[in-house]
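Novice: I'll drop the sequence and a predicted model, then ask my questions.
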Amino acid sequence: MSSSDVSDDFVPGRKLLVHVAENGHSFEFDCDESTPVEMVQRTIEGLCGLHPNDQFLLCQDRKLEPHRPLSFYRLPQDDREVFLYNRSRLHADAPPPPPEAIDVPETPDPSPPSAARDPHPLDDAPDPALKALPSYERQFRYHFHRGQAIFTRTQTKFDTCQRLLGEQWVQERALETARGSMDQGYRVAHQSFADFVKLYNQQHRYHSDLLTNFAGDMERLRSCKLHPALQTESRKCLLDFVKEDDLRKWAENCALSHRQFEVKVSQFRSAFGELKRRVEDLGLGRASAALKDLEVNIKDHQKYLSEQKSIMQSLSKDVNTVKKLVDDCLSCQTSASLRPHDAVSALGPMYEVHEKNHLPKMQLCDNVVGKLLNDYKVKKNEMNLFVHNFMQKVVHVQYLIRNIRLQFPAFMEAMDRQDDVFANLKLVRGIAPAYRACLAEVIRRKSSMKLYMGKAGEYAEKLARERELEINKRTEFLRAQSSFVPRDILLSMGLFDSPKPCDVNIAPFDTNLLEIDLADLDRYAPDYLLSTHSRKNSISKSSITTQGSSSNLTELEENSTSTNKKLDSSMLSATYESVYIAGTGKLEVENARLKADLASAISQICLFNQVGNEQLDDSKVNSLLKDAAEKTTEALHLKDEYSNHLQSMLKIKEMQCSSYETRIQELEQRLADCYMQGQRLSTGKDTSDSAHTMPKIDDCKSGISGDCEIGIPYTTEASTEPMEEASCTSASVDPHLEQFSEHLDKPREGVDENMIDLPGALNLNAAGLAKNPMDASMVEHLREDHQVNDKDRDGKTEEGDALSLVNDTVAEDTEEPTSLLPCGNALGSDSTPKPSDMLVSELQDALAEKSSQCDEIESQLKAAIDEVSSLRQELEISRKLLDESQMNCAHLENCLHEAREEAHTNLSAAERRASEYNALRTSAVKMRSLFERLRSCITASGGVAGFVESLRSLALSLASSLKEDEDDGTVEFRACIRVLADKVSFLSRQRTDLLDRCSRLEATSGHLSKELEEKKEFVKSLYTKLQLEKQVNKEKISFGRLEVHELAAFVLNVSGHYVAINRNYLNYYLSTESVALFVEHLPTRPTYIIGQIVHIERRVVKLPASTRSEPIEQMDLLSSDGRGGCLVPTQVSSSNPYNLPIGCEYFIVTVAMLPDTIHSTPS
C-alpha cells in the first residue's frame, strides 16, 4: 500500500492522539498528514524518555513504520487513536512496572482568624454585642474559606479519580487493540489450519482406504480374468499387469509412512490446541466488568460533591448576612432603633450550625472521596500490572502463532510426499476401473459407429428424395413445353439433363474393436471391481455427467408431450424425422443411442474413480448426491406427468371411439329401419297391383333392385346410368373429402378406417339411395350428423351441402318416371290395355323424352355445380374480406383510440409547457430587470463607496417590493442580493479599518525603523567599548604575583640585570634569552622591557661547588609547559649571577615581545 491508496473521503485532522499502554497516559501532537512517523517517535522520546527502537506504535491492528508518513495510515484523524507499547516490557524476563506515583496537590486550610491581623472599627465598641459582630464576621469568613479549601481538595481528588479511570479505559482499549492484532494473525493461522486439516482428513481417509482394502483389491484383480482375445501366456488376469511382490513390500512401506505422518499430525494438532486454549484464555471480560463497576462507583460519589456545593452556598449566604449586619451597624451606630443584641442572638445558632454540622459534613465527604482515591490508586497499579502480564501473554501467543504458521509449508510438503508414496497403491486401485472404462469405450464406439453410419444413410436417402423431386419437376416441365418447343431446341438448351445420384461412402474404421457387447461388460469387468468407497465417489461425481443425459431425456419427454398435445400429423412427422435413420427401426436406433450413452457414463464413472476421486470431501459428496437425488426425483416426476398425459390421451381416444361406435350403431339401425320400411311399401304395392298386371310382372321385376329400389319399367342400364353419373359427379365435386380422410389416417392410427371414410362412403352411396325421397333424406341426415362431428372443417361442410343438393335433384328427377310406368298406368287407369307394340313405342318415346330431360338436368346440374363452386369461392373470398375488414376496423379503432389518447396527452403536455413557458418568461423578465438593476449598481460611478451605497439601496428596494406570488428564483435572488449587500458593507468597513490600520502600521514601522537604527548604532558603540575594555584588561601589567600569560615590566638595575617591578616580591629576573631577544634589534639596551610571560623558573641559591661534594644540586623549577603552574625538577648551575645570599629564592622569567611596547632611552 502506498500513500496514493488513501481514499478520497479521508479528511485529515490537526491533532494526533497517542496513548501509552503501559500507564494510560496520553499525548496530543499538532501535526499534519505529511509528518513522518519517525518525527513523532523522536518527540515521544523527548517527552517520556523512551528510545524509538523500544517504541511499538499500533493503530487499528496496523503497525506504524518510522519511514512512512502519517497519511499512509489515514492519520491524523479524530476517530483514530495510536497506542504506544514499550518493547522492553514485552520480553518474558522483563520486570513488572513499579507502583505509579500519583501526586495530588493539597490545598492548606486557612489560618484561624485574629483581631490583631484583621482589626475592625467595632472592636473598640463599648457595647459587647457590637464588639461581638466583627468576631462573628471573621469566624464566618473563616468557615467559608475553610469550606472552600475542603471543597477544592475534594474536587481535586475526584478529578484525579476520573483521570485514573480514564487512563484505565485507555489501557483497556490498548489491550483490545493488541488483542485485535493478535486475533488477526490467529484467524489467518486458524483458517490455514482448518484447510490443512480438511485436506489431511481427505488424504488420510483415502490412504487408509487404500491400505485397508489393499488385499481385497489384489484379490479382485486376481479374480477378474481378461477377455479371451486379450489373454497371453504371461497375462491371464488383471493382477498380471503389476508385480505382486513389489507391491506388497511397497504397501508395508506406505503403512509405516502413514503411521509416522499420523503421529506428526497428531502432535501438530496438540500444539494448535494449546495455542487455541491460550488464545481463549486471553480475555478482557473481567477487566471490563471491573472498570464498569468503577465507573458506577464514581457516579455514586458525585453526590458528595453536590452536597458540598450546597453547603458552600449556605456558608456564602451566611457570610453575606453577617457582613450586611456589620455594615448596618457601622452606618447606624448612633441610632437607637438598631438592636445589635438581636443580631448577635441570631448569629449564635448559625455559628453552631457551621461548627457542628456544615464543616464536619464537608470533612466527611472529603474523607469519603479520599478513600475512593486510595482505592483507585490501588486499582490503577493493579491495572498496570495486568497490562504488563497481558501483553507478555499476547507476545507469547504471537510467537506460538508464528511458529505454527511456519510449520504449514513443511506439512503441506509432507502431504505431497505422502501422495508420491501412495502413487503405486493408487495404481492398484485404478487398474480395474481403467479396464472397465476401456471395455465401455469399445461398446460406445461400436454404438457410435452404428449411429454414424445410419446418419450417413439418412443423408443419402434425403438426397435421393431431393433428386427424385427434381427429376419429377423437370419431367413435368418438359411434358408441358415439348408441345410448343421442338425437342432439338430443348436439347440445345440443355434441358434434358438430370441430376446425378449421390453415393455416400464411408471408409471402414474401428475394424479392430473387440467383439463385446453391453451384456458382456459385467461378465468381463463386473461392477464389484470398484470398491464401495470408489463407487460412492464415482456415483456422486458421475451425477455431474449424467445431468446432461437426464436433461436430454427430459427434453425428449417434453417434446413428446408437446407433440401429442397437437393433432397435426406434419408436426409429428417433423418431430420424429430427426430420430429416424434409414434402414433401422426407431426402437433399434434409440437402443443404440442409449447403449452409447450408458457406455459413456460407465467410462466417465471409471475415469472419475481412476483420476482423483480423493479430491472430493464429504461436504461435496453430500451436495452432489443431493443434486443427483433432486435430478432423479425431477426426472421421475416428469415421467409420471408424461405417463398421466398419455393415459389421459388414451382415455380421450377411447371415448371418441365409443362415441363413434354408438353413432355407427345408430346409423346402422336407422338404415335397417329405412330398408325394412321400403320393403314393406314395395311389398304392399306389388300385392295391390298383382291382379291387374300379372302379364307384366316379369318385366317389372326385371327393373327392381334388391337394395330399396322401386320397380321401373325400363331397362336396368337406362335406370342405373344417371345414378353412376351422379355418383361420379359427387365424387368429382368433393375431392377434398378423400384428402381429408387420407389426412386423418396419420394422426388417428387407432381409429377404424371405415369410420374415418364414413363421409366419403355416405357421399358415394347417396346417388344410389336417391331413388326415393326417404333414402335421400336419410343420406342427408347422415351427412349432417357427420358435419356436426366435424364442424371445424367449414370448407368440407359446404362441399357436403352441394353434394346433398345434387342428390336431391337427381332424386326428384328419378321420381318422375315412376308415374309413367306401365304398372302405374295399369293401376291408375280403367281403360283396356294397349297392344304391346304401342306400349313399347310409347315407352321408347317416354324413354327418349326422359333421356333428353336427363341430359338437360345433367347440364343444369353441372351449371348449378359450377355456380355453386363459384358462389362458394366468392363466399370464401367475401368471408376473408369481411374478416380482414373486421380486423382492419378493430385495428383502426385501436389506432384511433391510441391517437386520441396521444393527442390528449400531447395537448396536456403542450398546455403544461405553455404555462411553464409563460411562468419562465415572466420569471426571466423579472430576473433580467433585477440583473439590469444590479449591473447599474456595479457599473455606477463613485468607487467602492458608491458601489456599497447603491447595492444597499438596491437591497432595501427589493425588500420593500416583495410580493407573495413571486417564484422561488426571484425570492432567492432578492435574498442573495440582501446577503451580498450585507457582506459588501461588511467588507467595505473592514477595508476601511484595514486601510487605517495599514497607515498606522506604516507610521509605526517608520518610527520603529528609526529606533532600530539608533539601537544598532548604540550596540555598535557598546561592542567597540567592550572590545577595548577586553584589550585593556588583556594588556594590563601585573604588579602582584606573576602568572604565565600576564604582562610584566622589567627595569634595568645597577648590576645590569632586568628586575621585574613587583610589589610583593623583588627577585624576578628576566632571562638572558629574553634580553637577547629584545636587545637584538636595538642599538642600545633599553631602560625597561614589557613582555608577556611564557615561562617562570624557581631557583634557590646554593653553596659553592668547592664546599659541596655534589657538583650539581637539585632545584625546583616552576615551568610553563602548557599546563601552567606545574613544578618540575631541573638541573641548574650553582653559580650566583645576581649576588643573592645563600638559600635565597629567586625566579627567572622568560617573556615574549609585544608590538609597540618596547620603550628605550639612551644610556
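Specialist: It's in. Since the structure is predicted, the reported quantities are computational estimates derived from the model, not experimental observations.
Novice: Quick check, pLDDT for Gln363.
Specialist: Listed pLDDT for Gln363 reads 90.
Novice: oh, I was asking about Glu252
Specialist: Listed pLDDT for Glu252 reads 91.
Novice: gap between it and Ala410?
Specialist: Distance of Glu252 to Ala410, given as C-beta to C-beta, to the nearest Å: 25 Å. (Glycine included, C-beta is placed from N, CA and C.)
Novice: For burial, what's the neighbour tally of Arg220?
Specialist: Around Arg220 there are 21 other residues, counting by other C-beta atoms under 10 Å.
Novice: Quick check: pLDDT value at it.
Specialist: For Arg220, pLDDT reads 84.
Novice: ok, now Met312?
Specialist: Per-residue pLDDT puts Met312 at 90.
Novice: Is it in contact with Ile150, as I believe?
Specialist: No: Met312 is beyond contact range of Ile150, at 9.1 Å (criterion: C-beta atoms under 8 Å).
Novice: Could you check which of the two is surrounded by more residues?
Specialist: Neighbour totals were compared for Met312 and Ile150, and Ile150 leads with 23 against 17 (other C-beta under 10 Å).
Novice: Could you check how far the more buried one is from Lys473?
Specialist: Distance, Ile150 to Lys473, using C-beta to C-beta: 128 Å.
Novice: Also Asn297?
Specialist: Computed as C-beta to C-beta, the Asn297 to Lys473 distance reads 111 Å.
Novice: What of Val378?
Specialist: Distance of Val378 to Lys473, computed by C-beta to C-beta: 115 Å.
Novice: In three-state terms, label the residue nearest to Pro113 when sequence neighbours are not counted for me.
Specialist: Nearest residue to Pro113 in three dimensions, chain neighbours excluded: Arg138, at 3.7 Å (C-beta to C-beta, 6 or more residues apart in numbering). Here Arg138 is helix, with the state taken from DSSP: H, G, I helix; E, B strand; the rest coil.
Novice: quick one, phi/psi of Leu1070?
Specialist: Dihedral angles of Leu1070 (phi, psi; degrees, to the nearest 10) stand at phi -80, psi 140.
Novice: Specify the beta-bridge partners of it.
Specialist: Note on Leu1070: beta-bridge partners by DSSP bridges are Val1149.
Novice: list the contacts for it?
Specialist: Leu1070 makes contacts with 1050, 1057-1060, 1089, 1148-1149, 1151, as judged by C-beta atoms under 8 Å, 6 or more residues apart in numbering.
Novice: Most neighbours of all those residues, which one?
Specialist: Val1151 (28 neighbours).
Novice: That one touches Glu1073, doesn't it?
Specialist: No: Val1151 is not in contact with Glu1073 according to C-beta under 8 Å; the separation is 9.7 Å.
Novice: Quick check: the residue nearest to Ile938 when sequence neighbours are not counted vs Asp993, distance?
Specialist: For Ile938, ignoring the flanking residues on the chain, the nearest one in space by C-beta to C-beta, 6+ apart is Phe947 at 6.7 Å. Using C-beta to C-beta, one gets 18 Å for the distance from Phe947 to Asp993.
Novice: So for the host helix or strand of Glu262, what gets flagged as buried?
Specialist: Glu262 belongs to helix 244-281 when assigned by DSSP states H and E. Across helix 244-281, burial judged by 16 or more other C-beta atoms under 10 Å covers 247, 250-251, 254-255, 257-258, 261, 265, 268, 272, 275, 278-279.
Novice: Flag every buried residue along stretch 1071-1083.
Specialist: Neighbour-count burial for stretch 1071-1083 flags 1071, 1074-1075, 1077-1078 (criterion: 16+ other C-beta under 10 Å).
Novice: how far does it sit from the chain's center?
Specialist: From the chain centre to the centre of stretch 1071-1083 is a distance of 103 Å (C-alpha atoms, centre = their mean, to the nearest Å).
Novice: Please apply the same query to stretch 178-185.
Specialist: 25 Å.
Novice: Quick one: residues in contact with it.
Specialist: Contacts with stretch 178-185, where a contact means C-beta under 8 Å, 6+ apart, come from 21, 58, 60-61, 83, 85, 279, 282, 284, 390-391, 394, 397-398, 401-402, 405.
Novice: Could you give me the buried positions within that stretch?
Specialist: Residues of stretch 178-185 classed as buried by neighbour count (16+ other C-beta under 10 Å): 178-179, 181-183, 185.
Novice: tell me what the lengthiest strand in the chain is packed against?
Specialist: Secondary structure of the chain per DSSP state E: the longest strand is strand 1088-1100. Other helices and strands packing on strand 1088-1100, by 3 or more C-beta pairs under 8 Å, 6 or more residues apart in numbering; DSSP states H and E, are strand 1047-1052, helix 1072-1079, strand 1113-1119, strand 1126-1132, strand 1145-1153.
Novice: returning to that earlier point: and the residue nearest to Pro113, what pLDDT?
Specialist: 82.
Novice: cool, Leu821 as well?
Specialist: pLDDT, Leu821: 37.
Novice: if we can go back for a sec, so for Phe947 and Asp993, which residue has more residues nearby?
Specialist: For Phe947 versus Asp993, the count of surrounding residues by other C-beta under 10 Å is larger for Phe947: 17 against 10.
Novice: check contacts around that one.
Specialist: 937-938, 940, 984.
Novice: of all those residues, which two lie farthest apart?
Specialist: Distance extremes for these: the farthest pair is Ala940 and Val984 at 13.1 Å, using C-beta to C-beta.
Novice: which of those two has more neighbours?
Specialist: A direct count of neighbours by other C-beta under 10 Å for Ala940 and Val984 places Val984 higher, at 18 against 13.
Novice: Could you list every helix and strand in contact with the helix or strand harbouring the more buried one?
Specialist: Taking DSSP H and E as the criterion, Val984 maps to helix 968-1034. Applying 3+ C-beta pairs under 8 Å, 6+ apart, we find helix 968-1034 packed against helix 836-938, helix 943-960.
Novice: hey, least reliable of the ones you listed by pLDDT?
Specialist: Sorting the helices and strands packed on helix 968-1034 by mean pLDDT places helix 943-960 lowest, at a mean of 78.
Novice: What residues sit buried inside that one?
Specialist: For helix 943-960, burial by neighbour count (16+ other C-beta under 10 Å) applies to 947-952, 954-955, 958.
Novice: May I see these arranged in JSON lines, with distance to Ser869 as well?
Specialist: As requested, the buried residues of helix 943-960 are exported to JSON lines (distance: C-beta to C-beta, whole Å):
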{"residue": "Phe947", "distance to Ser869": "103"}
{"residue": "Val948", "distance to Ser869": "105"}
{"residue": "Glu949", "distance to Ser869": "106"}
{"residue": "Ser950", "distance to Ser869": "101"}
{"residue": "Leu951", "distance to Ser869": "100"}
{"residue": "Arg952", "distance to Ser869": "103"}
{"residue": "Leu954", "distance to Ser869": "97"}
{"residue": "Ala955", "distance to Ser869": "98"}
{"residue": "Leu958", "distance to Ser869": "93"}
